[in-house]
Structure formats: C-alpha cells, structure tokens
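*Asks:* Sharing a sequence plus its predicted fold:
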Amino acid sequence: MAAPPDDMLWARGLHYAYDGSPALQGVSIGVKEGEVVALTGPRGSGKTTLLRCLSGQLLPEQGEVWFNSSPVHTLARAARERLRLRRFGWIDSSPRLVPELTAWENAALPLLLHGSGYRSARGTARAWLERLDVGDCAGKRPAALHQAQRQRVAVARALVHSPDVVFADEPTAPLHQGDRAQVLRALSAAARSHGITVLLATHDFALDQSARTADATGAALADRIVTLTDGRRARTPTTGGAAGPSAGPEGSAACSLSV
C-alpha cells in the first residue's frame, strides 16, 4: 500500500511488544513536511517506541512505516542505518556527547560521518551552535558545560546535517523548567527556519502548557499534539491556538502550543 501523497512520514496499524507487554497497539500517524508534532502521554504510553519505529530503529511486529513514499518497514538493517544517518536526526533525553570532543566537534559528528571536510564541518557546526545560543561554548568539552548547554549541543548535532526529520525523545527531561522552555523554543525555531520536520515526545503536559507564554511573534511551538495512552491514540481537545484543529489518520483532534 502506498503512503498518502501529502505525508512525508506515515505509519499505519503499528504493533510492538516488549516480552509480551504491548507498547503499541494499532497506532497510525501521518506527518507532513516541515510540521512540528508533539507526542504526549504518561510514561509507558508508547511514545519512545513509536519514535523508534518511525525512525527505523525498531521494526514493528505488525503495521507499516513509510518515508517519502518508501517503505521503511521492509528495509534491511544496513539500509535503515543509512537512512537514519543521512535523512534523520535524533535527540535523546540525555545529551550523550563524546566527553573527549569539544562542543563543536560533537555537533559536527554527523557531517564528518557523511564525509564532509574538517574545515567545512567545523564552520557549519559552529554556525548551528551560534543559532542555538551556545556559540561561546564551541571550544569547551562537555564536562565544562551546564546541562542545558550540553542539551543545546545535542540539538545542534541533530540539526547540523539538515535532516528531513528530527526525532526528539523527551529532550528536556533532565532540565529545570526555565531551561526546558528555552531548549524547546530553540529546537522549534531552528527546525522551522530550515523546514525540518520534528516529532517531539514529552510526558510532561504541564511543560507544554508552561511553554504557552505569548511572545511578539506568537510563533507556534507545535502544529499538532498527538496523545498516546497505553499504546493507543487518544483524542486530544483543541485549544484554539494559531495552528487550529486538524485530524490525524485515526481522527484524533490536534491542538497547538504557542511560545
């Protein structure tokens, strides 16, 4: 079955279980190019598993995943690894930086793995660190940085090679509330300025609400919210934000967050 033409990333009927315990139970989702989608729900609701299936890290036991009209769920392991390296970015709940490398070297790793020259990779990585307000940290190693600075370096690393999609799995979990909003704004603004699609998982809906402080531009942090409960899609009420309501493949309503 071909993917819907309007969706860059699309999944249908995903099932996955860990040792017999269901993590996903028939989840379907479609994401358009350049869209920022927040995945919410309590811990254990299936958010991380969904991100890992969509990014090709896991193969669903049932269901299908499509990226740019190509079936991810039928690719061999090596092909999925190439896809993740070249077309996707990933941000974890902890930065996972290489301690021996400086901030710019950590940020430049995807480019260097792609075969970019040292000087070009350094320039691009430093530019992304500047965009994320940690340019003055470029020559420092992770141990000399604050947690929020390390997480911004991880965001730069995920964006530096201009991926089509960035998957962010609880990227603000270890941060204080003020730093959380700043990192989310930085990620959202950077992605939007470069047309990068983002799937952002968070269990902290209060964080989403706290991020809704109006600024001069009223820029949307997320175009839609998709809520998971016990591995299934749940209906999400609209908040009447700027992006307005829309419906996903399973008819779930969406809502927007403003920063």
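*Replies:* Right, received. Where do you want to start?
*Asks:* What ranges does the stretch 101-250 of the chain have for its helices?
*Replies:* Remark: helices assigned in the stretch 101-250 of the chain by DSSP state H, counting those that start in this stretch are 103-113, 118-131, 147-159, 177-193, 205-210.
*Asks:* how about the ones you listed, which one is nearest A38?
*Replies:* Distance to A38, taken as CB to CB, is lowest for helix 205-210 among the helices of the stretch 101-250 of the chain, at 6.5 Å. C-betas here are computed from N, CA, C, even on glycine.
*Asks:* how about S55, phi and psi?
*Replies:* Geometry field for S55 lists phi and psi as phi -90, psi 0, criterion degrees, to the nearest 10.
*Asks:* can you tell me which residues contact H114?
*Replies:* For H114, the contacting residues are 85-86, 161, by CB atoms under 8 Å, 6 or more residues apart in numbering.
*Asks:* right, I mislabeled it, should have said K47
*Replies:* Taking CB under 8 Å, 6+ apart, we find K47 in contact with 39-41, 169-170, 201-203, 228.
*Asks:* among these, which are in strands?
*Replies:* Those of the contacts of K47 mapping onto strands are 39-40, 169, 201-202, 228, per DSSP state E.
*Asks:* List just the nearest of those residues to T102.
*Replies:* Nearest to T102 among the ones in strands among the contacts of K47, with distances taken as CB to CB, is D169, at 24.8 Å.
*Asks:* Roughly how far does L187 sit from D92?
*Replies:* Distance, L187 to D92, by CB to CB, to the nearest Å: 13 Å.
*Asks:* between those two, what contacts are shared?
*Replies:* Here L187 and D92 have P171 as joint contacts, going by CB under 8 Å, 6+ apart.
*Asks:* contacting residues for the nearest residue to P99 once chain neighbours are set aside?
*Replies:* Of all residues not flanking P99 in the chain, P142 sits nearest, at 5.5 Å (CB to CB, 6 or more residues apart in numbering). P142 is in contact with 95, 97-99, 101, 103, 106, 150, 153, counting by CB under 8 Å, 6+ apart.
*Asks:* Can you tell me which of the ones in strands among the contacts of K47 is nearest R52?
*Replies:* Ranked by distance to R52 (CB to CB), the ones in strands among the contacts of K47 are led by D169 at 8.3 Å.
*Asks:* Tell me if I'm right that that closest one and L50 touch.
*Replies:* No. Applying CB atoms under 8 Å as the test, D169 and L50 come out as separate, 9.9 Å apart.
*Asks:* Give me the common contacts of these two.
*Replies:* With CB under 8 Å, 6+ apart, D169 and L50 have common neighbours A201.
*Asks:* and those two? which has more neighbours close in?
*Replies:* Legend: neighbour count by other CB atoms under 10 Å for D169 and L50, higher for L50 (29 against 20).
*Asks:* Span of stretch 72-79 from start to end?
*Replies:* One end of stretch 72-79 sits 9 Å from the other (CA to CA, to the nearest Å).
*Asks:* Residues in contact with it: which ones?
*Replies:* Stretch 72-79 is contacted from outside by 54, 56, 59-60, 63-66, 80, 83, using CB under 8 Å, 6+ apart.
*Asks:* Just say helix, strand or coil for E100.
*Replies:* Under DSSP: H, G, I helix; E, B strand; the rest coil, the three-state class of E100 is coil.
*Asks:* Next, the contact list for it, please.
*Replies:* Going by CB under 8 Å, 6+ apart, E100 touches R141.
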